[in-house]
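**Q** I'll drop the sequence and a predicted model, then ask my questions.
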Amino acid sequence: MADVIWRGLQGITRARRSYSANAAVGDTYSLIHNQKTVRYTAVSGDTTALVAAGLASAATSSGTAEWSELLASSAGAVVTILGPADGTPFTLTTAVTGSATLTAGTPAAGVSPHDLADAANYAGGALPVNSDTLTFPADGADVRTGLTALTAVTGLVIRRDAGGPVVGLPDYRSRGYREYRPTFLEVPAATVLVHLSARDRAGAFRLDCDATATVVSVIGEQAGRLDGEQVEVKGGTGACAVRLANAAVAVVGGAVAVLAADGGVVRVEAGVTLGAVELKDTTARIGATWTALDVTGGQVDVMRAATGPLTLRAGTVNWKGSGNFNAPQLGVGAVLSTQGGADPIAVTGVIVKLGGNAVLDDPFTRITRPYSVDLLGSGPSGLNVGPDARITVAARP
């Protein structure tokens, strides 16, 4: 168990691909980068050198975002394509018609200070191994490539210092096309501890727990904002846990058994499998079902169908999704509102328990009638249930 420090010490060399062309009149030579194709059709009198030059010229003049980050040239019958200037790897495929041929030469991989797979980028000159602690310090280079290089390393502990490097890639390249390379750090770590500073921007740390029971803890200096989360997590197995304090976190896939927040911002996308959710003084938007939702202060928007039980001790829950109220309990002054949604909410046979000064706000009668309300220190003034309602008064058992 060693401490491994990420630095980003490598220089930059562009990746290179080369292809040798023949000269087949009337046939077409194509190079394809991220589904964007450049092509040249050989004409009478073309030599192999002219075919290579024509294909290089087509790549240079393409005008597409994908090809604008590459450099194309030719020498004799060989056309050469250089990758992005920062050493990022790239993929290239070929297609030909008729008797045309493009014979691949030996490729050269790019090198970069942003490559997690390059041992030269670590202080000790070696990648982490099982049960090591990997630290991303504040002065480390951003981590953009090689994001799947550590998938075979087990028991890893990962620490990221406040103001440290950006780990992961945005979904879109600066050139404007959707990224086809891995965008999340994928690692079966046991523990991930992310510290954030006020300087950290959206997408500062993107983590895929890789089907592992990872405990992810995020500690920040400010609450952040929805849709601008500094940390994005893809959950692993049902045992994965995400905990945050005064930070902005998005859960964008996978399964999370425990999601706990004390201040800050949480966004959960549709398709995530959630277990117990505990939110204190948190702003949240939840697009997934849960096993149990416990809210103490803050504001939570429920965006999709939800079926797990809700305990609203304080704060506001805006139920914009459909689903069922599973015996919701409201504490003193809490508000459960159905405004902002359109789908009906089934609660037949379920008791809604209202504490003192709590409010059940259903002015447009989205809640399916009849249902029961237990006034625990509250009164009928806490019921905004729309017109034409009949309230039956009965003693609590």
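**A** Alright, I've got the coordinates.

**Q** Tell me who's in contact with residue 89.
**A** 15, 83, 109-110, 145, 181 (C-beta atoms under 8 Å, 6 or more residues apart in numbering). (C-beta placed from N, C-alpha, C; glycine too.)

**Q** among those residues, which ones are buried?
**A** 15, 83, 110, 145, 181 (16 or more other C-beta atoms under 10 Å).

**Q** Any chance of a markdown table for those, columns distance to residue 313, pLDDT and secondary structure?
**A** As requested, these are arranged in a markdown table below (distance: C-beta to C-beta, whole Å; pLDDT from 0 to 100; DSSP: H, G, I helix; E, B strand; the rest coil):
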| residue | distance to residue 313 | pLDDT | secondary structure |
| --- | --- | --- | --- |
| 15 | 55 | 98 | coil |
| 83 | 54 | 97 | coil |
| 110 | 54 | 95 | coil |
| 145 | 45 | 97 | strand |
| 181 | 44 | 96 | coil |
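
**Q** of those residues, closest to residue 103?
**A** Taking C-beta to C-beta as the measure, residue 103 sits nearest to residue 15 out of the buried ones among the contacts of residue 89, at 18.7 Å.

**Q** Please determine how far residue 346 is located from residue 262.
**A** 32 Å (C-beta to C-beta, to the nearest Å).

**Q** actually residue 324, not the one I wrote
**A** Going from residue 324 to residue 262 by C-beta to C-beta gives 28 Å.

**Q** could I get the buried ones among the contacts of residue 89 as a markdown table with distance to residue 247?
**A** Below are those laid out as a markdown table (distance: C-beta to C-beta, whole Å):
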| residue | distance to residue 247 |
| --- | --- |
| 15 | 36 |
| 83 | 35 |
| 110 | 34 |
| 145 | 26 |
| 181 | 26 |
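
**Q** that older thread, distance to residue 130 added to the contacts of residue 89, as CSV?
**A** Compiled in CSV, the contacts of residue 89 are given as follows (distance: C-beta to C-beta, whole Å):
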residue, distance to residue 130
15, 30
83, 32
109, 26
110, 28
145, 23
181, 26
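
**Q** for those, which one is nearest residue 215?
**A** Using C-beta to C-beta, the contacts of residue 89 come closest to residue 215 at residue 145, 26.4 Å.

**Q** per-residue pLDDT, the closest residue to that closest one other than its chain neighbours?
**A** Sequence neighbours aside, residue 115 is the residue nearest to residue 145 in space, at 4.8 Å (criterion: C-beta to C-beta, 6 or more residues apart in numbering). The score at residue 115 is 98. That number is its pLDDT.

**Q** what does residue 48 give?
**A** 98.

**Q** what about it, distance to residue 97?
**A** 17 Å.

**Q** quick one: which of the two has more around it?
**A** Each of residue 48 and residue 97 has its neighbours counted (other C-beta atoms under 10 Å); residue 48 has more, 17 against 13.

**Q** Tell me the spacing between that one and residue 37.
**A** For residue 48, the distance to residue 37 equals 21 Å [C-beta to C-beta].

**Q** what about residue 386, is that helix, strand or coil?
**A** coil (DSSP: H, G, I helix; E, B strand; the rest coil).

**Q** Pretty sure it sits against residue 360.
**A** No. Between residue 386 and residue 360 there is no contact under C-beta atoms under 8 Å: 10.9 Å.

**Q** Comparing these two, which shows the higher neighbour count?
**A** Using other C-beta under 10 Å, the more surrounded residue of residue 386 and residue 360 is residue 360, with 23 against 14.

**Q** And the one helix or strand the more buried one maps to, how far out from the chain middle?
**A** Using DSSP states H and E, residue 360 sits within strand 359-361. Its chain's C-alpha centre and that of strand 359-361 lie 34 Å apart, by C-alpha atoms, centre = their mean, to the nearest Å.

**Q** tell me the mean pLDDT for that strand?
**A** Averaged across strand 359-361, the pLDDT comes to 92.

**Q** can you pull the buried residues of whatever helix or strand comes next after it?
**A** Sequence order places strand 372-375 as the next helix or strand after strand 359-361, per DSSP H and E. Buried residues in strand 372-375, counted by 16+ other C-beta under 10 Å: 373, 375.

**Q** quick one: strands adjacent to strand 372-375?
**A** Sheet pairing of strand 372-375 (DSSP bridges) gives strand 351-354 (parallel).

**Q** residue ranges with poor pLDDT in this structure?
**A** Across the chain, residues meeting the criterion (pLDDT under 70) sit at 238, 348-350, 396-397.

**Q** Would you map out the domains in it?
**A** As assigned by automatic domain parsing, the chain contains the domains 16-104, 116-285, 289-397.

**Q** if we can go back for a sec, so which elements touch the strand holding residue 360?
**A** strand 335-337, strand 383-384 (3 or more C-beta pairs under 8 Å, 6 or more residues apart in numbering; DSSP states H and E).

**Q** and the ones you listed, which is most packed in?
**A** A comparison of these by mean neighbour count, using mean count of other C-beta atoms under 10 Å, puts strand 335-337 on top with a mean of 21.
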